[in-house]
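Colleague: Sequence first, then the predicted structure, then my questions.
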Number of protein chains: 2
Amino acid sequence: MAKKRASITDLAQQLNVSASTVSRALSGHRTISEATTQRVVALAKALGYQPNNMAAGLRRGRSNMLGVVVPHIDGNFFSQVVKGIEAAASKAGYHVLICQSNESVAHERENLETLMNAQVDGILVSLSRTTREFRHFEKVRKRDIPLVFFDRILEGHDVSAVVIDDRAGGYRATKHLLEQGYRRIAHFGGPQHLNIYKHRRQGYEDALREHGLPVAEELLTICDMKMEDGVAGMRRLLQLPTPPDAIFSASDFTLVGALEVLKEHGLRVPEDVGLVGFSNELFSRLTEPKLTSIDQHCELMGRSATHLLLQTMEEQGQHLPPRHVVLQPNLCVRASSLRLAPTATARLLAESSR
Amino acid sequence: MAKKRASITDLAQQLNVSASTVSRALSGHRTISEATTQRVVALAKALGYQPNNMAAGLRRGRSNMLGVVVPHIDGNFFSQVVKGIEAAASKAGYHVLICQSNESVAHERENLETLMNAQVDGILVSLSRTTREFRHFEKVRKRDIPLVFFDRILEGHDVSAVVIDDRAGGYRATKHLLEQGYRRIAHFGGPQHLNIYKHRRQGYEDALREHGLPVAEELLTICDMKMEDGVAGMRRLLQLPTPPDAIFSASDFTLVGALEVLKEHGLRVPEDVGLVGFSNELFSRLTEPKLTSIDQHCELMGRSATHLLLQTMEEQGQHLPPRHVVLQPNLCVRASSLRLAPTATARLLAESSR
DNA sequence: GCAATCTACGCAAACGTTTGCGTAGTGGCG
DNA sequence: CGCCACTACGCAAACGTTTGCGTAGATTGC
């Protein structure tokens, strides 16, 4: 209210030049003489001039803001991704508006409205778990707002996206268990309409088949990937005539529940049952034993998605075909899946610890 | 690029009224007749009109955006707080820009610049761990941008803030341990220039004194509250002539480290050593045994802080004295601190579980 | 019947930038 | 000297809203 912030015209008056000259000087236009540029810059610094983004945005037709819709930001994955997004965006001179859908389509829809209302220049989305259709995104596309998905996407729609190779992740995880001598490997999977869970399961099945092992229906648990789902799932598995000797879970969360049940039943991990999870959550290093998990280098995903979005924004109007970026996940081997000889174990642990 | 979005003047032309009339009709001015208002609203809906926030912001001198600076958004606490902030802000028609300082003053300073550059109308801050001075905030105040701190604040500065009663939290935690019969209670504390850690420690000391127990220097560990600090701290404590029989930690993280060390040494929790943490992190329910912790109802804090900020913004210019809101924390009793009779234990657990 | 009040709307300026176009002044070239 | 190109800058419009003020026309009061 009190202090009027210095505007470009204030600078202009004090320097006896026009506003246009100041504007051009500040943006480093070469048609402005070296001398004037320096005078302008000096005064700008002296007065603590800060350009008014809204005015600039209004004039140029863009806001320099990017919108992000994620299911939630607690947990390791998305908060890291967001960090990557912020880093890349801010380097390109963009601000970031973050919305949480709380795994609800309804919220997701609202978030999109919010972001469009805020005049963002582009939107990054990772779908909520309950999103099965594309309608609310059509509106975004109709407005020609560039859109890039990451991690959780709806397949079969023509949109750019950054994903990790979930199939490879599932494959490596399962293969690792097989190499450790586990043979009856169960799988906890998430909602199969989501690409990530479907692919992780595919990788799991591919690895089994490659080793000539059957894919047993009874060893498959499709759930919501909560900790409690892991409890329930593990209980069921233990009641099977032949319980599994290992689990590859598409999330670390279920694994914590499963681990609890195993302990209740006096089963040892990794000796009796091997465990491999997905996402490399923070707490995966805190359980006893520590959980082997698939790391997705989340920050890189955030950066990649942002770069793809910025690129798409530049190519606006050309309507190029959507692009897909696929990142390779990493297996982080920890105690929960290691029952080979101690020497080999020690070596592996040393390699991948942290 | 392609579709030009409908503007207020487009509506005006199609309805043969002036832009001002449309503007007023949309904002529900009573000087506009019922009939015109309805026609305007109808057409607006038909054309999918969305007001241009930047233009409005430019004219009205505000952006309808709030800025938030937090140390990080991983972990339970801040992500929950942010959720509360978003809820309250969006209800009041504001968008939220989130910045992470990564516990670094330098970043914090940059974040503030970023937010001021983005023309936010108000700023919410929780200080980074390394912030010991106030200089970079003076700039914000000079621009008369309303500022509200939450949780981590610098004391002795005239600013509005929302905090929890950390002293009470520390007091209740320690008292609970005393009630469970523990007598030699150690404390893991964070950097004492931060209000939260200082107060938690005060509560701890108050409880001890109240029970006529000494506050032993050797039982005090001031550290950065990382998991590894808990490991180191616990190791040191176990080498004391008389090791403690319980720990009240100002963070759940250190406790996980401590727990690991205790297990290494074959000590049982809660039988040999009782543990109470702070923040009620997600993983506190995942350890074995589950950790008793102080819950801060984070979302409420986010909402309160936002309300306080919005209120401050309304009272701009009146320069009222800063206000402080103090929230009461909750003790969540779990297995790590319960060594009383099973019946009592069961009752307590049932009450506070989940 | 006329002033006063009220209703419902229009005019135009303003917010701070950006940018296409125009133009003084300068220097070079034939 | 005339012409052209070039440099360095100014003019003014435009972006889409909001809002103080002005004003037709209708209504009321006396």
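Modeller: Yep, that arrived. Numbering: from 1, shown residues only, chains lettered A, B, ... in the order given.
Colleague: And the strands in the stretch 51-200 of chain A?
Modeller: A:65-70, A:95-100, A:122-125, A:147-150, A:160-164, A:185-189 (DSSP state E, counting those that start in this stretch).
Colleague: Those strands: which one's closest to B:Asn102?
Modeller: strand A:95-100 (15.1 Å; C-beta to C-beta). Backbone N, C-alpha and C define where each C-beta goes, glycine included.
Colleague: Quick check, pLDDT for A:Met234.
Modeller: Looking at A:Met234, its pLDDT reads 96.
Colleague: Next, it: phi, psi?
Modeller: phi -70, psi -40 (degrees, to the nearest 10).
Colleague: Provide a list of residues in contact with it.
Modeller: By C-beta atoms under 8 Å, 6 or more residues apart in numbering or on different chains, A:Met234 lies in contact with A:Ile247, A:Gly257, A:Ala258, A:Val261, A:Leu262.
Colleague: Please report how far it lies from DNA strand C.
Modeller: 59 Å (C-beta to the nearest atom of the strand, to the nearest Å).
Colleague: rewinding a little: sort out which of the contacts of A:Met234 are in strands and list them.
Modeller: A:Ile247 (DSSP state E).
Colleague: before we move on, the earlier item: kindly reformat the strands of the stretch 51-200 of chain A as a markdown table containing distance to DNA strand D.
Modeller: As requested, the strands of the stretch 51-200 of chain A are exported to a markdown table (distance: least, C-beta to the nearest atom of the strand, whole Å):
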| stretch | distance to DNA strand D |
| --- | --- |
| strand A:65-70 | 16 |
| strand A:95-100 | 19 |
| strand A:122-125 | 18 |
| strand A:147-150 | 21 |
| strand A:160-164 | 26 |
| strand A:185-189 | 47 |
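Colleague: mean pLDDT for the ones you listed: which is lowest?
Modeller: strand A:95-100 (a mean of 90).
Colleague: Tell me the buried residues in that strand?
Modeller: A:His95, A:Val96, A:Leu97, A:Ile98, A:Cys99, A:Gln100 (16 or more other C-beta atoms under 10 Å in any protein chain shown).
Colleague: same deal with stretch A:289-304?
Modeller: Quick answer for stretch A:289-304 (16+ other C-beta under 10 Å): A:290-299, A:301-304.
Colleague: quick check: mean pLDDT across it?
Modeller: For stretch A:289-304, the per-residue pLDDT averages 94.
Colleague: Could you give the separation of it from the chain centroid?
Modeller: 9 Å (C-alpha atoms, centre = their mean, to the nearest Å).
Colleague: Stretch A:68-76 too?
Modeller: Taking C-alpha atoms, centre = their mean, one finds the center of stretch A:68-76 at 8 Å from the center of the full chain.
Colleague: do stretch A:323-338 as well
Modeller: Distance, centroid of stretch A:323-338 to centroid of chain: 14 Å (C-alpha atoms, centre = their mean).
Colleague: near chain B, anything from that stretch?
Modeller: No. Judged by C-beta under 8 Å from any C-beta of the partner chain, stretch A:323-338 and chain B are separated, with a smallest distance of 12.4 Å.
Colleague: list the buried ones in that stretch?
Modeller: A:Val325, A:Leu327, A:Pro329, A:Asn330, A:Leu331, A:Cys332, A:Val333, A:Arg334, A:Ala335, A:Ser336, A:Ser337, A:Leu338.
Colleague: Quote the end-to-end distance of that stretch.
Modeller: End-to-end distance for stretch A:323-338: 39 Å, by C-alpha to C-alpha, to the nearest Å.
Colleague: Tell me which residue in the stretch 51-200 of chain A sits closest to DNA strand D.
Modeller: A:Arg59 (3.4 Å; C-beta to the nearest atom of the strand).
Colleague: Now for that residue, how many residues are close by?
Modeller: Residues within reach of A:Arg59, counting by other C-beta atoms under 10 Å in any protein chain shown, total 11.
Colleague: That one and B:Gln119: what is the separation?
Modeller: A:Arg59 sits 14 Å away from B:Gln119, going by C-beta to C-beta, to the nearest Å.
Colleague: hmm, back to that, can you add pLDDT and distance to chain B and give the contacts of A:Met234 back as a markdown table?
Modeller: As requested, the contacts of A:Met234 are exported to a markdown table (pLDDT from 0 to 100; distance: C-beta to the nearest C-beta, whole Å):
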| residue | pLDDT | distance to chain B |
| --- | --- | --- |
| A:Ile247 | 97 | 17 |
| A:Gly257 | 91 | 9 |
| A:Ala258 | 94 | 12 |
| A:Val261 | 92 | 12 |
| A:Leu262 | 93 | 11 |
